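> quick check, what structure comes out for this input:
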Amino acid sequence: MDNVKRYVKGCKKCRANKPDRLKKTNHLYPNEISNIPWNIISIDIVGPLPTSMEHNGILVTVDRFSKIAQYIPINMEISS
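Numbering: from 1, shown residues only. This is a model prediction of the structure:
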(Lines give C-alpha, C1' and ligand atoms only; values in the text may rest on other atoms or scores of the structure.)
Protein backbone atom coordinates (compact mmCIF):
# COMPACT_ATOMS: atom_id res chain seq x y z
CA MET A 1 0.00 0.00 0.00
CA ASP A 2 2.82 2.40 0.79
CA ASN A 3 4.32 1.80 -2.67
CA VAL A 4 1.05 2.80 -4.34
CA LYS A 5 0.76 6.00 -2.26
CA ARG A 6 4.37 6.91 -3.04
CA TYR A 7 3.83 6.26 -6.77
CA VAL A 8 0.67 8.39 -6.92
CA LYS A 9 2.30 11.26 -4.99
CA GLY A 10 5.28 11.20 -7.38
CA CYS A 11 3.26 11.10 -10.61
CA LYS A 12 2.04 14.50 -11.88
CA LYS A 13 -0.67 12.94 -14.07
CA CYS A 14 -1.96 10.85 -11.13
CA ARG A 15 -2.18 13.91 -8.87
CA ALA A 16 -3.86 16.06 -11.55
CA ASN A 17 -6.49 13.42 -12.42
CA LYS A 18 -7.23 12.15 -8.92
CA PRO A 19 -11.02 12.17 -8.42
CA ASP A 20 -12.49 14.06 -5.48
CA ARG A 21 -14.31 11.44 -3.39
CA LEU A 22 -15.72 13.82 -0.77
CA LYS A 23 -19.36 14.84 -0.98
CA LYS A 24 -19.86 18.49 -1.89
CA THR A 25 -21.10 20.57 1.02
CA ASN A 26 -23.16 23.75 1.21
CA HIS A 27 -22.10 26.90 2.99
CA LEU A 28 -23.11 27.05 6.64
CA TYR A 29 -25.08 30.05 7.83
CA PRO A 30 -25.19 30.17 11.63
CA ASN A 31 -28.47 30.95 13.34
CA GLU A 32 -28.90 34.54 14.39
CA ILE A 33 -28.28 35.32 18.07
CA SER A 34 -30.33 38.08 19.65
CA ASN A 35 -29.01 40.72 22.01
CA ILE A 36 -32.19 40.81 24.12
CA PRO A 37 -34.09 37.92 25.77
CA TRP A 38 -37.05 36.25 23.99
CA ASN A 39 -36.54 38.21 20.77
CA ILE A 40 -35.53 35.11 18.76
CA ILE A 41 -36.71 31.64 19.80
CA SER A 42 -36.36 28.08 18.55
CA ILE A 43 -39.40 25.79 18.62
CA ASP A 44 -39.59 21.99 18.43
CA ILE A 45 -42.28 19.38 19.06
CA VAL A 46 -41.41 16.13 20.84
CA GLY A 47 -43.81 13.26 20.44
CA PRO A 48 -45.99 11.36 20.20
CA LEU A 49 -45.40 10.15 23.75
CA PRO A 50 -47.52 7.94 26.00
CA THR A 51 -50.67 9.86 27.01
CA SER A 52 -50.54 11.56 30.39
CA MET A 53 -53.30 13.86 31.65
CA GLU A 54 -54.71 14.05 28.08
CA HIS A 55 -51.36 15.23 26.63
CA ASN A 56 -49.13 13.15 24.39
CA GLY A 57 -46.46 15.61 23.28
CA ILE A 58 -44.23 18.46 24.40
CA LEU A 59 -43.74 21.83 22.75
CA VAL A 60 -40.18 23.00 23.46
CA THR A 61 -39.31 26.69 23.10
CA VAL A 62 -35.75 27.89 23.64
CA ASP A 63 -34.63 31.51 23.94
CA ARG A 64 -31.58 32.01 21.66
CA PHE A 65 -30.14 34.70 23.95
CA SER A 66 -30.31 33.12 27.41
CA LYS A 67 -30.76 29.45 26.35
CA ILE A 68 -33.74 29.19 28.74
CA ALA A 69 -36.15 26.46 27.67
CA GLN A 70 -39.88 26.17 28.31
CA TYR A 71 -41.68 22.83 28.03
CA ILE A 72 -45.40 23.00 27.30
CA PRO A 73 -47.56 19.83 27.31
CA ILE A 74 -49.64 19.53 24.14
CA ASN A 75 -52.01 17.16 22.38
CA MET A 76 -50.38 15.85 19.18
CA GLU A 77 -53.69 16.14 17.31
CA ILE A 78 -52.79 19.68 16.34
CA SER A 79 -52.79 21.08 12.81
CA SER A 80 -51.47 24.16 11.12
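> who are the packing partners of the helix or strand Y7 falls within?
Element membership of Y7, judged by DSSP states H and E, is helix 2-10. Counting contacts by 3 or more Cβ pairs under 8 Å, 6 or more residues apart in numbering; DSSP states H and E, helix 2-10 packs against helix 12-16. Bear in mind the C-beta positions are built from the backbone N, C-alpha and C, glycine included.
> secondary structure element for the closest residue to T61 other than its chain neighbours?
Nearest non-adjacent residue to T61, counting by Cβ to Cβ, 6 or more residues apart in numbering: Q70, 4.8 Å away. Secondary structure assignment for Q70, by DSSP H and E: strand 69-74.
> so what strands line up beside that strand?
Counting by DSSP bridges, the strands paired with strand 69-74 are strand 57-63 (antiparallel).
> tell me the angle the host helix or strand of I45 makes with strand 69-74.
For I45, the host element (DSSP H and E) is strand 41-46. Angle of strand 41-46 versus strand 69-74, following axes from the mean of the first three to the mean of the last three Cα atoms, to 10 degrees, is 40 degrees.
> which outside residues touch strand 41-46?
Identification of contacts with strand 41-46 by Cβ atoms under 8 Å, 6 or more residues apart in numbering yields N31, G57, I58, L59, V60, T61, V62, D63, R64, I74, M76.
> output these in TSV, with distance to S42 appended to each entry.
Output for these, formatted as TSV (distance: Cβ to Cβ, whole Å):
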residue	distance to S42
N31	8
G57	17
I58	14
L59	11
V60	8
T61	7
V62	5
D63	8
R64	6
I74	16
M76	19
